[in-house]
Each structure stands twice: as structure tokens, then as C-alpha cells.
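Chemist: missing the sequence, but the structure's below:
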């Protein structure tokens, strides 16, 4: 069974907070453990901040969209902004020595660390990031494959 809900929000930090809270609730309902709920919420927060700050540049005329989808084996969260677009290949390596002391640039790194799969797509205009956390049988199978 698939359950999907989506929202269109203003480009504000208040909206980011709402998106993070909803992600935590959806992750709990999907049956994720408490630490995984936290990881999902933090990944969604980072992606939403990127959409508002880097994508939409706090432009009050631009919105960002968030869709939460739960399936029998995954939680899928998609965040789309209306910005100029992002080339994932252009992102600097936040672990490179010259970037270690910078105060920003770790969002995508953290998102990838917290989620099982991350897909970034330029939607011209805008960027869509899809965050996937496996649940149930697929999570157990993924864990087996990495051991």
C-alpha cells in the first residue's frame, strides 16, 4: 500500500521547520527506529534549507514543494525548488583539506550519510532531490548486503 501527501510552501525558515517536523512524524509512522527518524528529519531539514536558501534564495515569489510517500518497503521524500538548478557534479568535496574549516557546504554530504539513496535532478528551472530510506524487509536486506 502506498500513501502520498504533498505540500507547497513559502521559502522561509518557518516552512523548513514545518517540513522537518512532518518528516519526523512520517518516519515514525513508517516504523523507523528513533535514530532513523532523527536521520530522516535532519536530511529533510538540510534539503529544505538548500531549497529555500540556495535554490529559491529566500525569494518570496518562489515556493518549494515537498512530497512524503510511504510504500511497503521505503519512505520516499522529494523536495523541489524553483531556483536556477544545481549540478551535483559541481559540489565541492567537503572533506578536502581546503574545505574542512568552511562553515557551509556539508548539507548534501550529510543527506547522503543519513539516507539509503539520494537522487538529485535539475528540473530546469529548479532542483529536485529525492531522499529514500528503506523500511521493513528492504532495510534488512540492504543491511545484509553491506555486511
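Modeler: In hand now; what should we look at? These figures come from a predicted structure and were not determined experimentally.
Chemist: List the residues that contact the closest residue to residue 71 other than its chain neighbours.
Modeler: Distances taken as C-beta to C-beta, 6 or more residues apart in numbering place residue 2 nearest to residue 71, at 5.0 Å, with adjacent residues excluded. For the C-beta atoms, the positions are set from N, CA and C on the backbone; glycine is no exception. Listed by C-beta atoms under 8 Å, 6 or more residues apart in numbering, the contact partners of residue 2 are 69-72.
Chemist: If we use 10 Å, what do you get?
Modeler: If a contact means C-beta atoms under 10 Å, 6 or more residues apart in numbering, then residue 2 has 69-72, 74, 76 as its contacts.
Chemist: Verify the stated contact: residue 28 with residue 35.
Modeler: No. Counting by C-beta atoms under 10 Å, no contact exists between residue 28 and residue 35, whose distance comes to 11.9 Å.
Chemist: quick one: which of these two has more around it?
Modeler: residue 28 (15 against 8; other C-beta atoms under 10 Å).
Chemist: Please state the mean pLDDT value computed over the strand or helix carrying residue 22.
Modeler: Counting by DSSP states H and E, the element that carries residue 22 is helix 13-29. Helix 13-29 shows a mean pLDDT of 96.
Chemist: Ok, stretch 134-147 next?
Modeler: pLDDT averaged over stretch 134-147 equals 57, rounded to a whole number.
Chemist: With stretch 110-117 instead?
Modeler: What stretch 110-117 shows for mean pLDDT is 94.
Chemist: try stretch 75-82
Modeler: Averaging the model's pLDDT scores along stretch 75-82 yields 97.
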